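> model the following, please.
(2 chains)
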Amino acid sequence: MAPAPTPARNPAAPLDLDRVAALRRADLLTMIHLAKSGHVGGSLSSVDILTALYYDVLDVRPDEPRWPGRDRFVLSKGHSVEGLLCILADRGFFPRAELATYCRYGSRLIGHPSVKVPGIELCTGALGHGLPAGVGMALGAKRTGQTWRTYVLMGDGEQAEGSVWEAAMAAAAHKLDNLVGILDRNRLQISGPTEQVMPLENLADKWRAFGWEVVRVNGHDIPALIAALRGAPCRPGAPTLVLADTTKGRGVKLMENAVKWHHGVPSKEQLAEALADLGVGEVSF
Amino acid sequence: MGAPCRQAYSETLLAIARQDPTVFVVCSDSSGSAMLGDFAAQLPGQFVEAGIAEQDAVGIGAGLANAGLKPFVTGPACFYSMRSAEQVKVDVAYSHSNVKVVGISGGVSYGALGTSHHSLQDIATMCAIPDLAVVLPADAWQTARMTESLVAYDGPVYVRMGRNAVPDVYGPGGVSGRTDPFVLGKANLLLEGDDVLVVSAGEALHAAYVGATLLRERGISAAVLDLASIMPLDEGAVLAAAARVRAVVTVEEHSVHGGIGSLVASLLAERAPRRMRRIAFPRENLVTGTGAEVFVHYGLTPENVAAQGEALLREVDAAGGAGAGAR
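Numbering: from 1, shown residues only, chains lettered A, B, ... in the order given. Here you go, the predicted model:
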């Protein structure tokens, strides 16, 4: 039985966001299974962050995706597009049925974020591009006296890209307290643990040294994520980094902390096992 | 000698930006070399310093465009066309961001500073990126018209212009005296002719034009086509001008691979073959010298344009006329 799409946000009747996140995990795994293509691990690790953003924090209008006053979100770790697409569809940016076309011939839903999809601000996929663009967005808002905010979700392997740090410097220099970076710290990248491939620590110290305020949270604790994201800026004039400790493959035992599930396609049996872990029935689009 | 293109660009952009607060400049420690110091001083709210970080500067440009602004990301062409090529491809062109990436001191403008500072691969790189317009103004007059036109154009563009004062081709004081408006995707046929067509754009256009006049003084009917916008390429103008002549010479401040010569040769090979000569820089690290000396060394001179045109016509006529080699 297909789970019902999540109702539109209604402050009078708060959603069970953990349940919403489980449903979106089920969606994305099913989508990847159907497409026979996708990045499983990093999508699962970032679903709770995206849920906090799209079901609570972001002021966006699914029926008017280019509304000038919207908050901006950039998925700099573009390979985790599956979770974002499932959430955008559920929020009504485009029909949920379209998720069945993911990576199919002629589809606008491709393996990385594309501006052809309503609700997506920037084509990403080449790492280290999201934060510089986020700096431009936040700077544009500041210079024109607008109050919307910019949020950029980065991966941890991505932290090795030099352009991340160019943008980190610029954000502090331009006092962009309307910019929030989020780091999905799942500690694994495609060829192994981040600390083996290219040691990143101490990340909190590095970001602080670049002039950012750093808030460390459990990246699967949705209320904590919402509090951190809504709590920014922590200091006037300073950009905020929400350092979210996560588990790659979160929610599916088979995939948790398993390097090989960076990308991978669950078989029919593995999908059933995953949905059982999530407590979600069979998904249809 | 006219003014440098970068000066015409900065003065025109500043005048427009005073009236249009959405016009922004992003620099990478390049406001001096881009002659944008006045812009930064007079319109600090519309000027963004990114530091020596071209990748970041182009990304910031894409973000500013997303916020509804019209950024002109400006700095040395050598760096913007290579170091930040991926940002131009993904953040600007693929994302269809309204960003103008303006490469100044392009080609061999930096002269003896060497290959690191030359941009002789930028036409090849940028023309292969979908949805990105590529523009090379020839002189100060055309640069001013181009700048006005690009402010009004909503889409991604790469512009390359030079550093040094160059003789005017356009305008009342220009060698052609022409005052064509700048229209993206439109070439200007500056001289009509029936023997040889000289195709050029950017700061090599002056040598191309004067070379054609030398040919005309020798009784050869030489045409001159200024592409102005390399991409979109005005294919109709190239084909129409080429249809009238027996030979085509291209003149450009770029590698012989992937530039104007390659674009014209590909088009003609498919549609209307003509014997060609490509005057451009060889695929090697160039001789040391000023930009002007380097132009002379590799034959980007009126005399060589005329000599190559004459020699090519002799070859074509000896072989039995236009397109003979392809028939």
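
> strands of the stretch 101-250 of chain A, residue ranges please.
Remark: strands assigned in the stretch 101-250 of chain A by DSSP state E, counting those that start in this stretch are A:150-155, A:179-185, A:188-189, A:192-193, A:213-218, A:240-245.

> quick one: strands adjacent to the second one?
The partner list of strand A:179-185 in its sheet, established with DSSP bridges, is strand A:150-155 (parallel), strand A:240-245 (parallel).

> for the particular helix or strand that has residue B:296 in it, give me every contacting residue.
Per DSSP states H and E, residue B:296 falls inside helix B:291-297. With contact meaning C-beta atoms under 8 Å, 6 or more residues apart in numbering or on different chains, helix B:291-297 is reached by B:107-111, B:162-164, B:204, B:207, B:253, B:286-287, B:289, B:301. Glycine gets a C-beta too; all of them are placed from N, C-alpha and C.

> hmm, 10 Å instead?
B:105, B:107-112, B:118, B:162-164, B:166, B:203-204, B:206-207, B:253, B:281, B:286-290, B:300-301, B:303-304 (C-beta atoms under 10 Å, 6 or more residues apart in numbering or on different chains).

> one more: stretch B:41-48?
Identification of contacts with stretch B:41-48 by C-beta under 10 Å, 6+ apart yields A:135-136, A:139-140, A:142-144, A:170, A:174, B:13-14, B:17-18, B:20-28, B:31, B:36-37, B:39-40, B:57, B:60-61, B:64, B:69-73.

> now, those that are in helices?
Of the contacts of stretch B:41-48, the ones assigned to helices by DSSP state H are A:135-136, A:139-140, A:142-143, A:170, B:13-14, B:17-18, B:37, B:39-40, B:57, B:60-61, B:64.

> report the buried members of the residues you listed.
Listed as buried from the ones in helices among the contacts of stretch B:41-48 are A:135-136, A:139-140, A:142-143, A:170, B:13-14, B:17, B:39-40, B:57, B:60-61, B:64; burial here means 16 or more other C-beta atoms under 10 Å in any protein chain shown.

> what is the burial count for the residue in the stretch 201-327 of chain B that chain A sits nearest to?
Nearest residue of the stretch 201-327 of chain B to chain A (C-beta to the nearest C-beta) works out as residue B:231 at 19.7 Å. Residue B:231 has 22 neighbours, counted by other C-beta atoms under 10 Å in any protein chain shown.

> so the closest residue to it other than its chain neighbours, which state does it fall into?
Closest residue to residue B:231 apart from its sequence neighbours, by C-beta to C-beta, 6 or more residues apart in numbering or on different chains: residue B:134 at 4.1 Å. What DSSP: H, G, I helix; E, B strand; the rest coil gives for residue B:134 is strand.

> okay, and the beta partners of residue B:134?
Beta-bridge partners recorded for residue B:134 (DSSP bridges): residue B:158, residue B:231.

> my guess is it contacts residue B:100. True?
No: the criterion here is C-beta atoms under 10 Å, and residue B:134 misses it with residue B:100 at 11.5 Å.

> which neighbours do those two share?
Shared contacts of residue B:134 and residue B:100 (C-beta under 10 Å, 6+ apart): B:157, B:158, B:159.

> residues of stretch A:263-273 that come out buried?
For stretch A:263-273, burial by neighbour count (16+ other C-beta under 10 Å) applies to A:263, A:264, A:265, A:266, A:270, A:271, A:273.

> out of those, who's nearest residue B:266?
Nearest to residue B:266 among the buried residues of stretch A:263-273, counting by C-beta to C-beta, is residue A:263 at 37.8 Å.

> neighbours of the nearest residue to that closest one once chain neighbours are set aside, how many?
Leaving aside its chain neighbours, residue A:263 sits nearest to residue A:39 (4.7 Å; criterion: C-beta to C-beta, 6+ apart). By other C-beta under 10 Å, the residues close to residue A:39 number 23.

> I'd like the distance from stretch B:86-103 to the chain centre, please.
18 Å (C-alpha atoms, centre = their mean, to the nearest Å).

> check whether that stretch contacts chain A.
Yes: Stretch B:86-103 comes into contact with chain A (C-beta under 10 Å from any C-beta of the partner chain), by way of B:86, B:87, B:89, B:90, B:91, B:92, B:93, B:94, B:95, B:96, B:97, B:99.

> start to end distance for that stretch?
15 Å (C-alpha to C-alpha, to the nearest Å).

> wait, isn't residue A:21 in contact with residue A:45?
No: with contacts counted by C-beta under 10 Å, residue A:21 stays clear of residue A:45, the gap being 11.5 Å.

> let me see the contact set for the residue in chain A that chain B sits nearest to.
For chain A and chain B, the shortest gap (C-beta to the nearest C-beta) falls at residue A:136, measuring 2.1 Å. By C-beta under 10 Å, 6+ apart, the contact set of residue A:136 is A:72, A:122, A:150, A:167, A:170, A:174, B:24, B:26, B:48, B:50, B:56-67, B:69, B:71, B:73, B:91, B:97, B:99.

> check residue B:224 too.
By C-beta under 10 Å, 6+ apart, the contact list for residue B:224 reads B:169, B:176, B:188-193, B:196-200, B:205, B:208-213, B:215-216, B:241, B:249, B:251, B:305.

> for PyMOL, what selects the buried ones among those residues?
A single PyMOL command selects the buried members of the contacts of residue B:224 (16+ other C-beta under 10 Å):
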select buried, chain B and resi 169+176+188+189+190+191+193+196+197+198+199+200+205+208+209+210+211+212+213+215+216+241+249+251+305
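
> where does the prediction get shaky in the chain?
In the absence of a named chain, chain A is used. A:1-14 (pLDDT under 70).

> actually it's chain B I care about, not the one you picked
Ranges of chain B meeting pLDDT under 70: B:322-327.

> which helix of chain B spans the most residues?
Max-length helix for chain B by DSSP H is helix B:302-319.

> show me where chain A has helices.
Using DSSP H, helices in chain A cover A:17-35, A:40-52, A:81-91, A:130-143, A:162-173, A:194-197, A:203-209, A:222-231, A:268-278.

> equivalent analysis for chain B, please.
Using DSSP H, helices in chain B cover B:5-19, B:37-42, B:54-66, B:77-80, B:85-87, B:122-127, B:140-152, B:205-217, B:235-243, B:260-271, B:291-297, B:302-319.

> what packs against the fifth one?
Under the contact definition 3 or more C-beta pairs under 10 Å, 6 or more residues apart in numbering or on different chains; DSSP states H and E, helix B:85-87 sits against helix B:54-66, helix B:122-127.

> list the contacts of the residue nearest to residue A:263.
By C-beta under 10 Å, 6+ apart, the contact list for residue A:39 reads A:28, A:32, A:77-83, A:111-112, A:190, A:261-264.

> what residue in the stretch 151-300 of chain B comes nearest to chain A?
Going by C-beta to the nearest C-beta, chain A is nearest to residue B:156 of the stretch 151-300 of chain B, at 11.8 Å.

> that residue and residue A:129: what is the separation?
Using C-beta to C-beta, to the nearest Å, residue B:156 is found at 15 Å from residue A:129.

> the two: which has the busier surroundings?
residue A:129 (31 against 26).

> residues contacting the more buried one?
By C-beta under 10 Å, 6+ apart, the neighbours of residue A:129 are A:74, A:76, A:78, A:122-123, A:152, A:158, A:161, A:163-164, A:167, B:55-56, B:58-59, B:62, B:86-87, B:90-91, B:95.
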